[in-house]
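Enquirer: the following block contains a protein sequence and its predicted model.
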There are 2 protein chains.
Amino acid sequence: MKKQDFIVQKELIQRLVRYKNILLKFKSMGLSKAFSDNLGDAAGVSSSLVRKDFSLAHLAVGNKRGGYPIDVLLQRLDALLGTQILQRIVIVGCGKIGTALMNYKGFANENVEVVAGFDNNPARINPAAAPIPILPVSQLAAFVKEQDIQVAVLAVPENAAAGILDQLAAAGVQGVLNFSPVQLKAGSSLFIQNINIAFEIENLFYYVRFNQRRAAAET
Amino acid sequence: MKKQDFIVQKELIQRLVRYKNILLKFKSMGLSKAFSDNLGDAAGVSSSLVRKDFSLAHLAVGNKRGGYPIDVLLQRLDALLGTQILQRIVIVGCGKIGTALMNYKGFANENVEVVAGFDNNPARINPAAAPIPILPVSQLAAFVKEQDIQVAVLAVPENAAAGILDQLAAAGVQGVLNFSPVQLKAGSSLFIQNINIAFEIENLFYYVRFNQRRAAAET
DNA sequence: TATATACTGTTCATATTGTCACATTAAATA
DNA sequence: TATTTAATGTGACAATATGAACAGTATATA
Ligand SMILES: NC(=O)c1ccc[n+]([C@@H]2O[C@H](COP(=O)([O-])OP(=O)(O)OC[C@H]3O[C@@H](n4cnc5c(N)ncnc54)[C@H](O)[C@@H]3O)[C@@H](O)[C@H]2O)c1
Ligand SMILES: NC(=O)c1ccc[n+]([C@@H]2O[C@H](COP(=O)([O-])OP(=O)(O)OC[C@H]3O[C@@H](n4cnc5c(N)ncnc54)[C@H](O)[C@@H]3O)[C@@H](O)[C@H]2O)c1
């Protein structure tokens, strides 16, 4: 397998995931063809970028006049992104955020399945809960190994995050989505995506104020 | 006010927010000085970038040997980011995610306060709830105008998102953090930050598979 | 069949972002 | 005080990402 078969550009992958989901929506609306123009609009990028992305990802199956056949594109995107396979995850920390995620119905659309939750609070533990059992965190490593879980969501308090991360890594987890407000660092074979909601809000406030100042300056 | 007083680089702002929070942690640990090296480590970036960022943001108050005085840096960051002012937000859609956010204690650290929730489900509405009332969405526009709310969180189902966004924009909201899985588009004086958790998970799976393929290819 | 049309795929130009290297300088040390 | 040291601040560069333009071509139309 050649190196070129891999796509490394981070933003590109994110856009491909977006395109895929937009195409699914188009399809569910009964469309069979998509244009770089529509796709760009829906994804919030320029049409050039859409075409460029498809080109880079070797997905360019467009028709010089009729646009892209949605089915073919979806099939290739699924193959590239691996989304035709069921993507099984666990959630560590079944508090406010963790519980919201466990009850989220939208994952099914993305072929993502939450197979278990883990917590260290005995009051939360319920191995019989259906469809998602909540297990003691002491069983985390064994479960992950046995079930060959590759991706986990981290929704524990900040001070517990690093410890759990170590356990996950040791047990073979290779991707972690972290909600705790520490910037966890990825290792060589461990990818981490940090989501910090409070930071996003602070960011928004900066832009809002920025815009106001600019408006004030322009008068 | 000169144009140069504004910082436009998107990533830069995000990093400044990160630096600020790391500095707060340093401070709470009793430190009084910070080095670009530590800061970079904690923020997951190179020390050069930290210094460059401070330089670009006109925050360079470092001491050629002793690093940066945390207090001065924090003060300037607060002034730049506007985080010394209480940042009041509302949450539209008090379902699973919305409720988790309303009950989140961590916002206080960031000087963010959730002042109200809004929903269209009568069963959820409770104007007397303390400390955060849940009001009918029909009162959203009036509330936002009266209270001069500039930033809102959108946690309603996908099909309701665009409609609520219009209402928010019309009422004067200028920043929106959107959790629904549509890529909402920003207007000239409306900033939107889309968070799509399912996409982040799909992303992680791609990287994990990518890494596995690379490992396989290298043997 | 010939022509017009409307879309893609790709090249080239531009903008953005991060790294490197090093001159500079405040503090520590002797 | 003179020297060493350890950090910053920044300009030059490299890498990356995006946008604009357009040649090429499959389809539609007459
Ligand atoms: N709730 C939010 O809206 C929100 C927003 C932004 C960030 N966060 C972050 O997400 C994380 C979770 O937040 P939350 O509001 O759900 O908190 P929470 O306190 O409601 O839930 C945390 C859960 O983790 C469990 N836990 C604690 N230590 C553990 C350990 N060592 N092993 C396993 N489980 C453990 C607790 O029992 C609890 O159930 C926190 O780091 C928080 O800062 C939350
Ligand atoms: N729960 C999750 O973990 C999760 C993860 C990713 C994305 N999301 C997205 O976040 C959004 C909210 O998800 P959720 O799980 O909290 O859903 P939810 O159904 O629990 O909550 C949605 C809330 O919005 C309210 N609502 C519906 N229409 C409204 C309207 N027009 N005006 C005001 N309120 C209205 C509902 O009454 C409900 O309380 C959805 O778009 C979902 O796709 C959720």
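Expert: Nice, I can see it. Ligands and ions are numbered 1, 2, ... in the order given.

Enquirer: what is the burial count for A:Ser28?
Expert: A:Ser28 has 9 neighbouring residues, counting by other CB atoms under 10 Å in any protein chain shown. In this view, the C-beta of every residue, glycine as well, is placed from N, C-alpha and C.

Enquirer: what about the helix or strand hosting A:Glu202, distance to the chain center?
Expert: Element membership of A:Glu202, judged by DSSP states H and E, is helix A:197-218. Offset of helix A:197-218 from its chain centre (CA atoms, centre = their mean, to the nearest Å): 27 Å.

Enquirer: buried ones in it?
Expert: For helix A:197-218, a neighbour-count test (16 or more other CB atoms under 10 Å in any protein chain shown) marks A:197-211 as buried.

Enquirer: just give the nearest non-adjacent residue to the residue of chain A found nearest DNA strand C, would you?
Expert: Nearest residue of chain A to DNA strand C (CB to the nearest atom of the strand) works out as A:Gly62 at 2.7 Å. Distances taken as CB to CB, 6 or more residues apart in numbering or on different chains put A:Tyr68 closest to A:Gly62, at 4.7 Å, once the chain neighbours are dropped.

Enquirer: what about the helices in chain A?
Expert: Ranges of helices in chain A, per DSSP state H, are A:10-28, A:36-43, A:47-56, A:70-81, A:96-102, A:140-147, A:158-170, A:197-218.

Enquirer: so which of those is the most packed in?
Expert: Between the helices of chain A, helix A:96-102 has the highest mean count of neighbours, a mean of 22, where neighbours are mean count of other CB atoms under 10 Å in any protein chain shown.

Enquirer: alpha carbons only: can I get it in CSV?
Expert: Only the C-alpha atoms of helix A:96-102 are listed here, as CSV (Å, rounded to 0.1, in the frame of the first residue of the first chain):
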residue,chain,number,x,y,z
LYS,A,96,-24.3,15.1,32.8
ILE,A,97,-22.4,15.1,29.5
GLY,A,98,-21.8,11.4,29.4
THR,A,99,-25.5,10.6,30.0
ALA,A,100,-26.6,13.0,27.3
LEU,A,101,-24.3,11.2,24.9
MET,A,102,-25.4,7.8,26.0
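
Enquirer: check which helices and strands it sits against.
Expert: strand A:87-92, strand A:112-119, helix B:96-102 (3 or more CB pairs under 8 Å, 6 or more residues apart in numbering or on different chains; DSSP states H and E).

Enquirer: for ligand 2, find the nearest of those.
Expert: Closest approach to ligand 2 among the helices and strands packed on helix A:96-102 is made by helix B:96-102 (3.6 Å; CB to the nearest ligand atom).

Enquirer: re earlier: show me what the residue nearest to A:Gly62 is bridged to.
Expert: Note on A:Tyr68: beta-bridge partners by DSSP bridges are A:Ala34.

Enquirer: for it, what are its contacts?
Expert: Shown in contact with A:Tyr68 (CB atoms under 8 Å, 6 or more residues apart in numbering or on different chains): A:33-36, A:39, A:54, A:61-62.

Enquirer: farthest-separated two in these?
Expert: Using CB to CB, the contacts of A:Tyr68 reach their maximum pairwise distance at A:Lys33 and A:Phe54, which is 14.1 Å.

Enquirer: for the residue in chain A that ligand 2 sits nearest to, give me the pLDDT.
Expert: At 3.4 Å from ligand 2, A:Tyr104 is the closest residue in chain A, using CB to the nearest ligand atom. On the pLDDT scale, A:Tyr104 is placed at 97.

Enquirer: for the one 10 residues further on, same thing?
Expert: Model confidence at A:Val114, expressed as pLDDT, equals 98.

Enquirer: identify the residues contacting it.
Expert: Contacts for A:Val114 (CB under 8 Å, 6+ apart) come out as A:89-91, A:101-102, A:107, A:132.

Enquirer: which members of those residues additionally contact ligand 2?
Expert: With the criterion set as CB under 6 Å from any ligand atom, the members of the contacts of A:Val114 near ligand 2 are A:Leu101.

Enquirer: ok, so of the contacts of A:Val114, who is nearest A:Gln193?
Expert: Nearest to A:Gln193 among the contacts of A:Val114 is A:Ile89, at 12.3 Å by CB to CB.

Enquirer: give the bridge partners for the closest one, please.
Expert: Bridge pairing for A:Ile89 - DSSP bridges - gives A:Val114, A:Val151.

Enquirer: what about it, neighbour count?
Expert: Using other CB under 10 Å, A:Ile89 has 23 other residues around it.

Enquirer: hmm, A:Ser55 and the residue of chain A closest to DNA strand C touching each other?
Expert: No. A:Gly62 is not in contact with A:Ser55 according to CB atoms under 8 Å; the separation is 9.5 Å.

Enquirer: domain-wise, how is chain A divided?
Expert: Domains of chain A are assigned by automatic domain parsing as A:10-79, A:87-199.

Enquirer: what does chain A have sitting close to DNA strand C?
Expert: Contact residues (CB under 7 Å from any atom of the strand) of chain A with DNA strand C: A:34-37, A:47-48, A:51-52, A:54-55, A:60-68.

Enquirer: from A:Ile201, how far out is A:Lys20?
Expert: To A:Ile201, A:Lys20 is 28 Å away according to CB to CB, to the nearest Å.
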